[in-house]
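>>> sequence-free structure coming up:
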């Protein structure tokens, strides 16, 4: 579907403002539209350019059998290709290239092993990453990089206690890599102000670095924390800052588009921009796109969800989208037993807060309220400030006639209405 942009004059009034205070939109298409249009128009050309570079270095490698630096270039180009194509096979090719490099040149040891571990994380192969990282730590027990990657893996697997013990050993280390992880851990614990302070320090360090992608990534992460705290205008400026360093940095562009939708109520504009950049072969953007369309074209919204559902179940995406598939099995197709089986399987593989949240929510959608409440009490209550989890908890406690708890969690979730989007925000307000 291709949408024609309609510029809408906003007259909405924030509920926190007085009757004479008109809401001033945060986003401006003239700020970010050039990046969306360039991304849409140049992605195919960039992929073709990367392909030509891969062909060039592959030939150089054939001509120079000991040219291990060429193998490294090929691996990094394959990773770059994934960022434009969304094709998971690019990551698998990169993994093979890094593995060949490790066998080819033992001197690349730690850095190549780190690249392999990070690629496993990108592939959602967390168990493999954990096993290999533990082997690496036995060989290099003092290596800081391996320990920080181990922290990343533990968080992905829901091993929060061990992750906490791992990262807190570096609480006084002000290196960039440590600051990023410490900020992440403070956010996980609900200490958002500390997370912002630490990430600001990392951002300042990144400004002195020559890597434009590092600057873009750091600005986007800091913007995420600021948006969680309600500082949307500062976050918007940082997203634009990220794009000024890397005009193709998709996460920043996606967040601006979400801001146009969720904060500024520019629904048609946001849908147009999302449609423009939705050129990946991976289905990652489809759920957000569906949510944006729900209020203006429900049929088209359902088509995006069904497209996601079909694509996400392709074998190559095993382990990537199970929680969302479980939700759709329950909410869209009403196959509750299949949804519960999927959610339980995900809890076994990755006992994260998000996995337990989805299990509780699927129980709720089925109408099994006792199981939903039990899951919340045992695995979620008092352990997270994530707005979507708080919303689910509030809805489940409401269904269990526990109005006090329900109100508490729904009010807390409402503080992050930007993250939840207008549909859920409207639901919460109708309850409160």
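It's in. These numbers were taken from a predicted model, which means no experiment stands behind them. Numbering: from 1, shown residues only.
>>> the stretch 151-300 of the chain: helices as residue ranges?
160-168, 176-188, 192-206, 212-228, 232-245, 250-262, 267-277, 286-293, 298-312 (DSSP state H, counting those that start in this stretch).
>>> just send these back as TSV, with distance to residue 37 and mean neighbour count too.
Yep, even glycine has a C-beta here, placed from its N, CA and C like the rest. Putting those into TSV (distance: least, Cβ to Cβ, whole Å; neighbours: other Cβ atoms under 10 Å) gives the following:
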stretch	distance to residue 37	mean neighbour count
helix 160-168	40	16
helix 176-188	31	21
helix 192-206	27	19
helix 212-228	18	22
helix 232-245	12	21
helix 250-262	11	24
helix 267-277	7	22
helix 286-293	17	23
helix 298-312	21	16
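>>> of these, which is nearest residue 360?
helix 160-168 (17.7 Å; Cβ to Cβ).
>>> from the recorded domain assignment, give the ranges for the chain.
Domain ranges of the chain: 170-269, 321-432, per automatic domain parsing.
>>> need these in CSV (columns: mean pLDDT and distance to residue 287).
Formatted as CSV, those follow (pLDDT from 0 to 100; distance: least, Cβ to Cβ, whole Å):
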stretch, mean pLDDT, distance to residue 287
domain 170-269, 94, 12
domain 321-432, 95, 6
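>>> tabulate these (CSV), appending distance to residue 67.
Formatted as CSV, the domains of the chain follow (distance: least, Cβ to Cβ, whole Å):
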stretch, distance to residue 67
domain 170-269, 24
domain 321-432, 38
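>>> what's the closest of the ones you listed to residue 23?
Per Cβ to Cβ, nearest to residue 23 of those: domain 170-269, 8.2 Å.
>>> for the helix ranked longest in the chain, packing partners?
Longest helix in the chain, counting residues (DSSP state H): helix 29-63. Applying 3 or more Cβ pairs under 8 Å, 6 or more residues apart in numbering; DSSP states H and E, one finds that helix 29-63 contacts helix 68-85, helix 232-245, helix 250-262, helix 267-277.
>>> to residue 209, which of the ones you listed lies closest?
Ranked by Cβ to Cβ, the member of the helices and strands packed on helix 29-63 that lies closest to residue 209 is helix 232-245, at 10.3 Å.
>>> tilt between that closest one and helix 250-262?
150 degrees (axes from the mean of the first three to the mean of the last three Cα atoms, to 10 degrees).
>>> other residues contacting helix 232-245?
26-27, 31-32, 35, 212-213, 215-217, 219-220, 222-224, 226-227, 249, 251-253, 255-256, 259, 263, 418 (Cβ atoms under 8 Å, 6 or more residues apart in numbering).
>>> related to what we said a few turns ago, identify each buried residue in the longest helix of the chain, please.
29, 32-33, 35-36, 39, 43, 46-47, 50, 54, 57-58, 61 (16 or more other Cβ atoms under 10 Å).
>>> could you check how far the nearest residue to residue 226 once chain neighbours are set aside is from residue 217?
Of all residues not flanking residue 226 in the chain, residue 235 sits nearest, at 4.3 Å (Cβ to Cβ, 6 or more residues apart in numbering). For residue 235, the distance to residue 217 equals 15 Å [Cβ to Cβ, to the nearest Å].
>>> looking at the buried residues of helix 29-63, which one is closest to residue 389?
residue 32 (29.5 Å).
>>> so what's the nearest residue to that closest one once chain neighbours are set aside up against?
Among residues not flanking residue 32 along the chain, residue 256 sits closest, at 4.8 Å (Cβ to Cβ, 6+ apart). Contact analysis of residue 256 by Cβ under 8 Å, 6+ apart lists 27, 31, 32, 236, 239, 240, 243.
>>> do you know how far residue 256 is from residue 276?
When residue 256 is compared with residue 276 (using Cβ to Cβ), they lie 12 Å apart.
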